[in-house]
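Colleague: Predicted model and sequence follow; I will ask about them next.
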Amino acid sequence: EVQLLESGGGLVQPEGSLRLSCAVFGFTFNNFGVTWVRQAPGKGLEWVSFISSRDGGGTIYADSVKGRFTISRDDSKNTVYLQMNSLRAEDTAVYYCAKVRWNDGRVFENWGQGTLVIVSS
Amino acid sequence: QSALTQPPSASGSPGQSVTISCTGTSGDVGGYNYVSWYQHHPGKAPKLVIYEVSKRPSGVPDRISGSKSGNTASLTFSGLQAEDEGDYYCGSYAVYNSNWVFGGGTKLTVL
């Protein structure tokens, strides 16, 4: 069974940093890309970042987080990370990771249950 | 403001048909078959219900279908059931900037 488990969320002050983790189970991790999507309170889903499989793990970022967030992966630990720096109040959200099937419409096939990040003083 | 436009709400009685629309541009929805739909219940993991415009993942009933015309994609429930309630989001990969975009979500209520 495919599972994705996010962790690392919490309360952080503005301009602070946080690192989220996404541990995956049940599929050959290094064959798939992984993405982060967030949902701010009362808002819809917003795509955040993507890292591809193998080949150096190419990365893409939404403009709203470019230069502040860094996505990375450790294939030996079946884990993807999202390093979040210079956090702002508008980064407050539930952060989800998802497995990406690139060759089937760039689709987010399986999702985790999310981890909550609150940016507040 | 979301990149894709969805109605905020939709509703129907059990057994009725309901369609949710998702309007984008030629750079995302209209340009390629990279449209997907997700069901989301607050506090839970979103669930994929349609990908590549009209394909259903294993386990999704065939009364749920997807289609596209021009820059607008649609998700249709034929024979609405109570279990269909939830928030539905369309999403699309935008080839022109290699980003993904979502709609603002539609809350589906079964009356």
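Modeller: Perfect, I can see it now.
Colleague: How many residues are close by residue 46?
Modeller: No chain in the question, so chain A it is. By other CB atoms under 10 Å in any protein chain shown, 19 other residues sit near A:E46. Where you see a C-beta, it was placed from the backbone N, CA and C, and this is true even at glycine.
Colleague: Hmm, no, I was thinking of chain B.
Modeller: By other CB under 10 Å, the burial measure for B:P46, its neighbour count, is 25.
Colleague: How about A:T79?
Modeller: 18.
Colleague: do A:P41 as well
Modeller: By other CB under 10 Å, 9 other residues sit near A:P41.
Colleague: Not counting sequence-adjacent ones, nearest residue to it?
Modeller: By the measure of CB to CB, 6 or more residues apart in numbering or on different chains, the closest residue to A:P41 outside its immediate chain neighbours is A:T92, 6.8 Å from it.
Colleague: for that neighbour, what are its contacts?
Modeller: The neighbours of A:T92, taking CB atoms under 8 Å, 6 or more residues apart in numbering or on different chains as the test, are A:40-41, A:117-120.
Colleague: Which one of these sits in the busiest neighbourhood?
Modeller: A:V117 leads the contacts of A:T92 on contacts (other CB under 10 Å) with 22 neighbours.
Colleague: these two touch, right, that one and A:R88?
Modeller: No - between A:V117 and A:R88 there is no contact under CB atoms under 8 Å: 11.0 Å.
Colleague: B:E83 falls within a helix, correct?
Modeller: Yes - counting by DSSP: H, G, I helix; E, B strand; the rest coil, B:E83 is located in a helix.
Colleague: Show the pLDDT at it.
Modeller: Note on B:E83: pLDDT of 94.
Colleague: just A:S53 next, same as before
Modeller: On pLDDT, A:S53 comes in at 88.
Colleague: so how far is chain B from it?
Modeller: According to CB to the nearest CB, to the nearest Å, A:S53 stands 16 Å off from chain B.
Colleague: go on, A:Q83?
Modeller: Using CB to the nearest CB, we find A:Q83 at a distance of 20 Å from chain B.
Colleague: Within range of chain B, give me the residues from chain A.
Modeller: By the rule CB under 8 Å from any CB of the partner chain, the part of chain A lying against chain B is A:4, A:35, A:37, A:44-47, A:50, A:60, A:62, A:96, A:98, A:101, A:104-114.
Colleague: Can you say which of the residues you listed are buried?
Modeller: Listed as buried from the residues of chain A next to chain B are A:4, A:35, A:37, A:44-47, A:50, A:60, A:62, A:96, A:98, A:101, A:105-112, A:114; burial here means 16 or more other CB atoms under 10 Å in any protein chain shown.
Colleague: Among these, name the ones in strands.
Modeller: If you go by DSSP state E, these have A:4, A:35, A:37, A:45-47, A:50, A:60, A:96, A:98, A:101, A:107-111 in strands.
Colleague: now for those, which pair is the farthest apart?
Modeller: In these, two members sit farther apart than any others by CB to CB. They are A:E46 and A:R101, at 20.4 Å.
Colleague: which of the contacts of A:T92 lies closest to B:S13?
Modeller: Nearest to B:S13, judged by CB to CB, of the contacts of A:T92 is A:P41 at 31.1 Å.
Colleague: Over to that closest one: give its phi and psi.
Modeller: Backbone torsions for A:P41, taken as degrees, to the nearest 10, come to phi -50, psi 130.
Colleague: where are the low-confidence patches of chain A?
Modeller: Residue ranges of chain A with pLDDT under 70: A:54-56.
Colleague: please redo it, this time with the cut-off set to 90
Modeller: By pLDDT under 90, the low-scoring segments of chain A are A:27-31, A:53-57, A:75, A:102-105.
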